[in-house]
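K.L.:
Here is my input; please provide its structure:
(chains A and B)
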Amino acid sequence: MHTTRKRNFSATFALLPTWFAAIVVYIGTMVWSIRLSFTDSTLFPSSNYVGFAQYVKLFSSAKWLASLHNVLIFGVLYVGGCLVLGFLLAAALDRKIRFENAFRTIFLYPYAMSFVVTGLIWQWMLNPTLGIQASVRSLGWETFVLDWVVNRNMAIYALVLAGIWQGAGLVMVIALAGMRGIEAEQWKAARIDGIPVWRIYVSIILPQLGPALAAAGMLLAMGVIKTYDIVVAMTNGGPGNSTEVPAKFIMDNLFGRQNLGLATAGATVLVLSVIIAVAPFRYAMYMRNRPKGAA
Amino acid sequence: MARTHPNGPRPTHMTAGRIGLYAFLVIAALFFLLPLYAMIVTSLKTMDEIRLGRIFALPETLDISAWITAWSGACMGTVCVGIRTGFWNSFAITVPSVALSVFIGAVNGYALSLWRPRGASVLFGLLMAGGLIPYQIFLYPMVRAMANIDLYNSLAGIILVHVIFGLPLVTLLFRNYFVSVPEELCKAARVDGAGFWRIFFEIMLPMAVPMIVVVSMLQFTGIWNDFLLGLVFAGRDNLPMTVQLNNIVNTTMGERTYNVNMAATILTAIVPLAIYFLSGRWFVRGIAAGAVKG
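P.N.:
Model prediction:
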């Protein structure tokens, strides 16, 4: 008993900084922010509680509503696009091809770069006067239009394009790892039954990759809620409000507009949406793992 | 090719289906490579050539003046010192942040998986939940707290912030690694009289070198690529490269110098890209390990 207590002392001591970070930084600052969202704080925190007034103001703000709408469109298309393209790339690489390593390296490299870099690259590619549009027009297709970054109806799709370019490789890596784990017996059996290759991928392999793809999708979805850098670099929210996103709305109100109460209300809504998004997934994982008796 | 594929050997003849497969791969490769190509050729052109609007054309003459300007003369607002200060700032921020967070992550993973002191699972749960929360909810109180201890807008401050917000990922990766270490190893060392720290430094740390490499790479690219935390916490004198890059490109007055912008963009991407291309499989292992946390 004596040794147990001693060994636990060292381990507990070693974990103290992390305990401090978890309780003071994670929980403490979150509680502080949530508290601020119920006050009328502007430039400085105030302790004048106003109930849900900031939330009412938030949800009557056209900019906030636009940013929610935008992030929803972006999120669905970006996560969906990454999953589809990533799965297709993985399936193609799984077909015993030449130069597999080279292809894989090419598909994944954007994931190593900053969102700021990705945003700037695509801002340049989609530049209406000097980018792809100008090049295609000079080839003779005079009416070709690719003005997404300056067109308020299309700007959000420019973000989706850049996002998929960066994120599809991640899904590819995860899906490919899953495909390599599929037993040769299953392949033999399916081939003997004469099932075409594409059906094998859709009906046999895809369901088995479900958990891995769900994890990848989850990772990307978390990124969607945090989307900030790529928007700042590529469109800075414009044209108009067409690419405003919640994380940027919060940052602008926090540091630009000195609107603490509103910003923290927005941040609280973001945290709630993460919890709502994660909870069912976590619950499913928990239920799946429970029979194993893990703590 | 010693590796055997689960679905049989590589076919030796070309069919229509195989041609379609390669066509898909080549088109996909073009989609991924063209932006990088456009960026490189743009950075080597003069502005006169860029104004012709042929983004994919090779430069007529190789002009590296844009690279020199990007490195040492590009303007952020009225200050024209290029992106080199950001480059060194990013190193000054990233290297200590990575070293510290890898060390703390290793200690955490080791303590949480092989010693399991009271409250270990609670702490781990807190960290995993914290890792999912958007930074925006932490920012304002963090700024105030850092200002109170005189660390706001300082190098030490931004390093501390990176270490704190890196805890969930590094702890998770090391914990998953040490969980697979046989407990008998730890027990035997304990019987021999070794304590917590001695077992850590003499047995566990040397054993965990592969994980240390993976986590270091992951943290290095992650912190180098950070924009939000650097923008808020680093302060004007320590702004990381990503923030300076955005300032150079998006806040210039007058005509945009696209060649300089693209050179600066490549310079910002070059360090993580070098890590990626040189480390190959390690990087892939890292992101695969980081992804399973779901």
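K.L.:
Scan chain A for its longest helix.
P.N.:
Ordering each helix of chain A by length in residues (DSSP state H) puts helix A:62-93 first.
K.L.:
helix/strand/coil for the residue nearest to residue B:84 when sequence neighbours are not counted?
P.N.:
Sequence neighbours aside, residue B:71 is the residue nearest to residue B:84 in space, at 5.2 Å (criterion: CB to CB, 6 or more residues apart in numbering or on different chains). Glycine gets a C-beta too; all of them are placed from N, C-alpha and C. With DSSP: H, G, I helix; E, B strand; the rest coil as the basis, residue B:71 sits in helix.
K.L.:
Mind listing what's buried along the longest helix of chain A?
P.N.:
In terms of neighbour count (16 or more other CB atoms under 10 Å in any protein chain shown), helix A:62-93 has its buried residues at A:63-64, A:66-68, A:70-71, A:74-75, A:77-79, A:81-83, A:85-93.
K.L.:
Just list what the helix or strand following it packs against, helices and strands only.
P.N.:
Of the helices and strands lying after helix A:62-93 in sequence (DSSP states H and E), the nearest is helix A:100-108. Helix A:100-108 makes packing contacts with helix A:62-93, helix A:155-180, helix B:16-43 when contacts are defined by 3 or more CB pairs under 8 Å, 6 or more residues apart in numbering or on different chains; DSSP states H and E.
K.L.:
if you set the cut-off to 10 Å instead, what comes out?
P.N.:
Secondary-structure packing of helix A:100-108 (3 or more CB pairs under 10 Å, 6 or more residues apart in numbering or on different chains; DSSP states H and E): helix A:62-93, helix A:155-180, helix B:16-43, helix B:258-279, helix B:281-291.
K.L.:
Mind putting those helices into TSV with mean pLDDT and distance to residue A:225?
P.N.:
Below are those laid out as TSV (pLDDT from 0 to 100; distance: least, CB to CB, whole Å):
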stretch	mean pLDDT	distance to residue A:225
helix A:62-93	94	7
helix A:155-180	92	13
helix B:16-43	92	25
helix B:258-279	91	23
helix B:281-291	73	17
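K.L.:
now the longest helix of chain A and helix A:155-180, what's the angle there?
P.N.:
30 degrees (axes from the mean of the first three to the mean of the last three CA atoms, to 10 degrees).
K.L.:
Check which helices and strands helix A:62-93 is in contact with.
P.N.:
Using 3+ CB pairs under 10 Å, 6+ apart as the contact test, the elements touching helix A:62-93 are helix A:53-59, helix A:100-108, helix A:155-180, helix A:206-226, helix A:229-234, helix A:246-251, helix A:260-289, helix B:16-43.
K.L.:
after the third one comes which helix or strand?
P.N.:
Moving toward the C-terminus from helix A:155-180, the next helix or strand (DSSP H and E) is helix A:184-192.
K.L.:
low-confidence ranges in the chain?
P.N.:
Unless you meant another one, I'm taking chain A. Applying pLDDT under 70 to chain A flags the ranges A:1-7, A:289-295.
K.L.:
Correction: the question concerned chain B.
P.N.:
For chain B, the stretches flagged by pLDDT under 70 are B:1-13, B:252-253, B:290-294.
K.L.:
Strands of that one, residue ranges please.
P.N.:
All strands of chain B, identified by DSSP state E, fall at B:75-76, B:79-80.
K.L.:
if you compare the ones you listed, which one is most tucked away?
P.N.:
Mean neighbours per residue, mean count of other CB atoms under 10 Å in any protein chain shown, is largest over those for strand B:75-76, with a mean of 20.
K.L.:
That one - contacts with which helices or strands?
P.N.:
If contacts are counted by 3+ CB pairs under 10 Å, 6+ apart, strand B:75-76 sits against helix B:241-250.
K.L.:
Could you pull out the buried residues of stretch A:216-229?
P.N.:
Buried residues in stretch A:216-229 (16+ other CB under 10 Å): A:216-229.
K.L.:
and which of those is nearest to residue A:275?
P.N.:
Nearest to residue A:275 among the buried residues of stretch A:216-229 is residue A:225, at 10.8 Å by CB to CB.
K.L.:
so what's that closest one up against?
P.N.:
A:71, A:75, A:245-247, A:270-271, A:273-274, A:277, B:132-134, B:136 (CB atoms under 10 Å, 6 or more residues apart in numbering or on different chains).
K.L.:
Adding distance to residue B:265, write the residues you listed out as TSV.
P.N.:
TSV is the format used below for these (distance: CB to CB, whole Å):
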residue	distance to residue B:265
A:71	25
A:75	26
A:245	22
A:246	26
A:247	22
A:270	29
A:271	33
A:273	32
A:274	31
A:277	32
B:132	30
B:133	30
B:134	26
B:136	26
